[in-house]
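K.L.:
give me the fold of what follows.
(one chain, ligands or ions: 1)
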Amino acid sequence: MKDDRSYEVIIVGGSYAGLSAAMALGRSLRNVLIIDSGLPCNRQTPHSHNFITHDGEKPLSIAKKAREEVLNYPSVKFQKGLAVSGMMTATGYEITTENGDVFQAKKLIFATGVEDIMPSIQGFSACWGISVIHCPYCHGYEFRKGKTAIMANGERALHVAGLVNNLSNDLTLLTSGKASFDVKQKAKLKLHGISIIEEEITKIQHKNGWVQQVQLKDGRELAFDAVYAAIPFRQHSLIPAMLGCELTDQGHIKTDNFQKTTVAGVFACRDNSSMMRSVANAVAAGNLAGAMVNKELVDEVF
Ligand SMILES: Cc1cc2nc3c(=O)[nH]c(=O)nc-3n(C[C@H](O)[C@H](O)[C@H](O)COP(=O)(O)OP(=O)(O)OC[C@H]3O[C@@H](n4cnc5c(N)ncnc54)[C@H](O)[C@@H]3O)c2cc1C
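P.N.:
Residues are numbered from 1 along each chain as shown. Presented below is the predicted three-dimensional model:
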């Protein structure tokens, strides 16, 4: 590659998945540019769990160490910024950043994650990732035995309740509307001592992100230590869709088992393309994407 605007691979998104892909590529002497806007989904979480060798570390410390390791490989470059558009060219792809910088590459990897869409409940977003949590594997242990609420309804609520039931024996389902459980499901919840409250939530009272009480529309105030919430998401970056990458019905970028999207030469890895959200999974998917992109580059000349 001739100039500093042309790379073999551009990785959009330089958090766990993107950095992991970059390491596999850097170790294969590939010229790589990582473009990252610095907004990983777990940025508000005080401690990240369930990733061996880094259990309990600050999310940003894990990413910082990963970046330092990856940038030890001289063919890998990191640029802070937001990629805003992408297009196909005669030799591959072109990515433009919000500053108007234009970079070319033969292959693209999107490790752009997703953006969680916060409900308009006062206090919710301030507690997100601190005491309002999405995943029992990531944070459930820290709230074990605590008074716990699950903001969900129907199958989703039952799924989370089953997992959390093993961690706390004081569980309440907050369905914010008519509970949609059949007789058998209601009996199962009753058997495990899980109560259901259908009243709408109006506010989460908290101290620096630590839940104190959940306020309901009828004026009740319920004390909890932790609240599980399953909330919707959208793709963090619209560029994959712009390039023609197909999405699944759930809104993930469609990939095959080798992280290939439906557009030739374009790969995607982790939260943007899978519902299994964890740092360990992100690192694994990035590692695979890096190796598969390297293989494509190898196959073109060997
Ligand atoms: C609140 C919360 C707490 C969590 N806690 C844990 C935990 O304790 N343990 C655990 O294992 N997992 C945890 N997770 C899950 C874990 O954080 C994710 O699975 C992981 O961060 C996914 O990595 P990723 O690289 O795919 O995406 P992210 O880490 O979300 O990174 C995406 C990156 O892409 C960048 N980006 C996006 N679009 C662009 C663009 N157009 N141009 C440039 N850059 C762009 C973003 O700025 C960001 O840096 C948590 C998730 C949440 C939401």
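
K.L.:
and the stretch 201-302 of the chain, which of its residues are near the ligand?
P.N.:
Contact residues (C-beta under 6 Å from any ligand atom) of the stretch 201-302 of the chain with the ligand: 236-237, 270-271, 277-280, 282. Yep, even glycine has a C-beta here, placed from its N, CA and C like the rest.

K.L.:
just the buried ones from these?
P.N.:
With neighbours counted by 16 or more other C-beta atoms under 10 Å, these contain buried members at 236-237, 270-271, 277-279, 282.

K.L.:
can you redo these as CSV with pLDDT and secondary structure?
P.N.:
Output for these, formatted as CSV (pLDDT from 0 to 100; DSSP: H, G, I helix; E, B strand; the rest coil):
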residue, pLDDT, secondary structure
236, 96, coil
237, 97, coil
270, 97, helix
271, 98, helix
277, 95, coil
278, 96, coil
279, 98, helix
282, 98, helix
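
K.L.:
what is the nearest of these to residue 158?
P.N.:
Nearest to residue 158 among those is residue 277, at 19.7 Å by C-beta to C-beta.

K.L.:
domain ranges for the protein, per the record?
P.N.:
6-116+232-300, 124-229 (the TED database).

K.L.:
pick the most deeply packed of the ones you listed.
P.N.:
Mean neighbour count (mean count of other C-beta atoms under 10 Å) peaks for domain 6-116+232-300 among the domains of the chain, with a mean of 19.

K.L.:
where does pLDDT dip in this protein?
P.N.:
1-3 (pLDDT under 70).

K.L.:
pull up the gap between the spatially most central residue of the chain and residue 206, please.
P.N.:
For the chain, residue 271 is the residue whose C-alpha lies nearest the centre (C-alpha atoms, centre = their mean; 4.2 Å). Distance of residue 271 to residue 206, given as C-beta to C-beta, to the nearest Å: 25 Å.

K.L.:
what does the one helix or strand residue 227 maps to contact?
P.N.:
Assigned by DSSP states H and E, residue 227 belongs to strand 226-229. Contacts to strand 226-229, defined as C-beta atoms under 8 Å, 6 or more residues apart in numbering, come from residues 119, 124, 127, 131-134, 136, 139, 143, 146-152, 160, 164, 174, 204, 211, 214.
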